[in-house]
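**Student:** Attaching a predicted model along with its sequence, questions to come.
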Amino acid sequence: MYRPYLPALALTLTICLPGFISLSSAEEVLTEQRFRQLHKQLQPADDELWRTIPWRTSLLDAQRRAITEKKPIFIWAMDGHPLGCT
Amino acid sequence: MLRTQFIAVAIDQAYQRRQQDAEGEFYRKIAGQGPRSNFQSTTQGFYIASADGTLLLYNNNRDPEKLNRLMQQRLQEFKVPSAVTPISPGTLDARYNPSPPKGGCVVRVQARVLGGYLPTTDRWKKIFQSSLSRDNLWISAAEQQALTKGQVTQSLQQRIVRFHLVDNTRGEPPMWKKEEIRQLKITFDGTTLRGTVHLETADGKRGYEAQLLGKIEVRGGKVVLFDMVADGSFWGQGPYSGIAPKGRFPLAVGFRLADGTDAADQIPPQASRGWVQGYIR
């Protein structure tokens, strides 16, 4: 019967997925290295498609631009701000 | 298409459907022509309107192919309205137009679940499972001044943990009550912030235990760097942030000083919605 060698598996996961292992106990210290790694991981990529759209946050500002540019207004209206929170 | 053929605007309709000013009136004029015309409840969805307020489309379907097809159709039918004048903002409804604190600063806050989800082939679940949330932390002038002196005020500590150490990666999260702060210890030596926090509801169904590490720099009486991370294990979910991983799961929250280059830097914090005094004084 095949029995996985758990310590080896755990080590492999730690090496392969360093950004996806979180602190599991209070004894582990959030190191400077992990801080830098996580902080980078928690920033959005500049080239994400939705970030390339020139979203406005004022409906009246959008109305003025729609007159000037002779375009329709597209409104993304949510519970919680679409550009924040959710 | 959104970049070139529409004027794209993103709003939290919980403000516009309530606010008593020109912006609120214009929104209600548009939304009132659609199926969600009861402004006592949500009117969320996608709208296309002309500058005179004529509704051309309401849709609340997340299927991108369907929405794309509807947008193309409405573009073909669109006629530029004649003799429309820009609407003057007039007097703003202060309750729904909060501004970042004068003399303070804005910090971007982004959270991510780092693991714990069961594998899925569902496209929507995949999106939620990998999502990076976004909110803003507002810091008052007095709190910024305290930081320049190497102090993190109690008000700032409480605001960070109660309103920003939340799992908002799948929807609007419940915030923490004061009494749900079981433990909070923060030290700051003028450049490095370290801390531990334990948040938990009375019934124990939702909680977060994490460590904090931050790098803060001040220059000329202002914060010029505010990089911080909370790293720990979270459990539970809220009514609008369901399908969380079972049991405890790793959640990290990152903080970075906003520089005003992102449209989202102007968005009021989620926890200030409708009652900014409850968020920051």
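**Tutor:** All right, it came through fine.
**Student:** residue boundaries of the strands in the chain?
**Tutor:** In the absence of a named chain, this looks at chain A. Along chain A, counting by DSSP state E, strands occupy A:73-78.
**Student:** um, chain B though
**Tutor:** B:7-12, B:45-49, B:55-59, B:105-113, B:135-139, B:181-188, B:192-200, B:207-219, B:222-235, B:248-257.
**Student:** Compare the ones you listed and give me the one nearest chain A.
**Tutor:** The closest of these to chain A is strand B:248-257. By C-beta to the nearest C-beta, the value is 2.7 Å. In short, each C-beta sits where N, CA and C put it, glycine included.
**Student:** Find out how far that closest one is from the centre of the chain, if you would.
**Tutor:** In terms of C-alpha atoms, centre = their mean, to the nearest Å, the centre of strand B:248-257 is found 15 Å from the chain centre.
**Student:** Strand partners (parallel or antiparallel) of it?
**Tutor:** Sheet pairing for strand B:248-257, assigned by DSSP bridges, gives strand B:105-113 (antiparallel), strand B:222-235 (antiparallel).
**Student:** CSV for the ones you listed, including distance to A:T31 and mean pLDDT?
**Tutor:** Shown next, in CSV, are the strands paired with strand B:248-257 (distance: least, C-beta to C-beta, whole Å; pLDDT from 0 to 100):
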stretch, distance to A:T31, mean pLDDT
strand B:105-113, 19, 97
strand B:222-235, 10, 98
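**Student:** Let me have these in TSV, extended by mean neighbour count.
**Tutor:** Conversion of these to TSV gives the following (neighbours: other C-beta atoms under 10 Å in any protein chain shown):
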stretch	mean neighbour count
strand B:105-113	23
strand B:222-235	21
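**Student:** lowest-pLDDT helix or strand in the chain?
**Tutor:** No chain specified, so I'll use chain A. helix A:6-16 (a mean of 35; mean pLDDT, DSSP states H and E).
**Student:** not quite, I wanted chain B
**Tutor:** helix B:123-129 (a mean of 89).
**Student:** can that one be found next to chain A?
**Tutor:** No: using C-beta under 8 Å from any C-beta of the partner chain, helix B:123-129 stays clear of chain A, with a minimum separation of 10.1 Å.
**Student:** ok now that helix, how far from the chain's centre?
**Tutor:** For helix B:123-129 - counting by C-alpha atoms, centre = their mean - the centre lies 19 Å from the chain centre.
**Student:** now for it, which elements pack on it?
**Tutor:** Contact analysis of helix B:123-129 by 3 or more C-beta pairs under 8 Å, 6 or more residues apart in numbering or on different chains; DSSP states H and E lists no helix or strand as a packing neighbour.
**Student:** ok, and does stretch B:178-191 reach over to chain A?
**Tutor:** No: for stretch B:178-191, no contact with chain A is found by C-beta under 8 Å from any C-beta; the gap never falls below 10.1 Å.
**Student:** Residues contacting that stretch, please?
**Tutor:** B:147, B:150-152, B:157-158, B:161-162, B:193-202, B:212, B:215-217 (C-beta atoms under 8 Å, 6 or more residues apart in numbering or on different chains).
**Student:** Any quick ChimeraX command for the buried ones out of those residues?
**Tutor:** Here the buried members of those are turned into a ChimeraX selection, burial being counted by 16 or more other C-beta atoms under 10 Å in any protein chain shown:
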select /B:147,152,157,161,162,193,195,196,197,198,199,200,212,215,216
